[in-house]
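Q: Sequence below, structure please.
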Amino acid sequence: MQFDLLGEHADRAYPVLASLVTPRPIAWVTTLNEDGSVNVAPFSFFNVFGADPPLVIFAPGDRDDGSPKDSARNARRTGEFVVNLVDEGLAARMVQTSASLPYGMSESDHVGLPTTDSVDVAVPRLAEAPAALECRVHSIQQIGDNRIILGIVSHAHVRDEFVDESTLRIKQDLFHPIGRMASPDWYCRTEDLFSLERPD
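A: Model (predicted):
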């Protein structure tokens, strides 16, 4: 079957693409509201896009009324955000933070997510996250209804048990973030891994 995503099936673009391009990593983004409270929201239109400089991109959509979501407003205003990664133990609370709360109401307080200070940005990170990436906004692009926020990663925080101290590599056999699958409610675990050596 073919989908004409710019024509006849344009209204199906989100469910089709979000169900085919899987698994997607989840950016559990913390930002600061104007009153200093912590906004927390998950986004699965997210990935790492380079290492020199370290670059991540996430795409917060708009609210139903067309206004920018709080994460987008806050990142634009402050120029900072933190991407917290999500493991299965945090999955239920991560989903709870996707609820639409009034602007300025802290999801970290509402859901019970303790925060801890970051090193290079004012935005705190989630204390229980297995890893977190401190980011400064590089640029924000608007393409149609898509808002793309590009961030330069200045610091990465990783639980000690996930790092091989001799090589400074992540222990992939221990680090198991969850992934986003089909819309609206599907996720995946990442314990079932296999290795293929790259050619020289």
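Q: So for Gly104, what's the pLDDT?
A: pLDDT, Gly104: 78.
Q: now swap in Leu126 and tell me
A: With respect to pLDDT, Leu126 scores 98.
Q: That one - nearest residue in space that isn't next to it in sequence?
A: Asn84 (4.4 Å; Cβ to Cβ, 6 or more residues apart in numbering). To be clear about C-beta, it is placed using only N, CA and C from the backbone, and glycine gets the same treatment.
Q: since we're on that neighbour, how many residues are nearby?
A: For Asn84, the tally of surrounding residues (other Cβ atoms under 10 Å) stands at 26.
Q: So that it lines up with my notes, have the first residue be 688 from now on.
A: Got it, the first residue is 688 from now on, which makes the last one we talked about Asn771.
Q: Make sure it is actually in contact with Thr718.
A: No - here Asn771 does not reach Thr718: they are 11.3 Å apart, not a contact under Cβ atoms under 8 Å.
Q: pLDDT weak spots in the chain?
A: Along the chain, no part satisfies pLDDT under 70.
Q: Try it again at 80.
A: Residue ranges of the chain with pLDDT under 80: 751, 791.
Q: what pairs with the residue nearest to the spatial centre of it across the strands?
A: Closest residue to the average C-alpha location of the chain: Ala714 at 0.9 Å, with Cα atoms, centre = their mean. Applying DSSP bridges to Ala714 yields these beta-bridge partners: Phe730.
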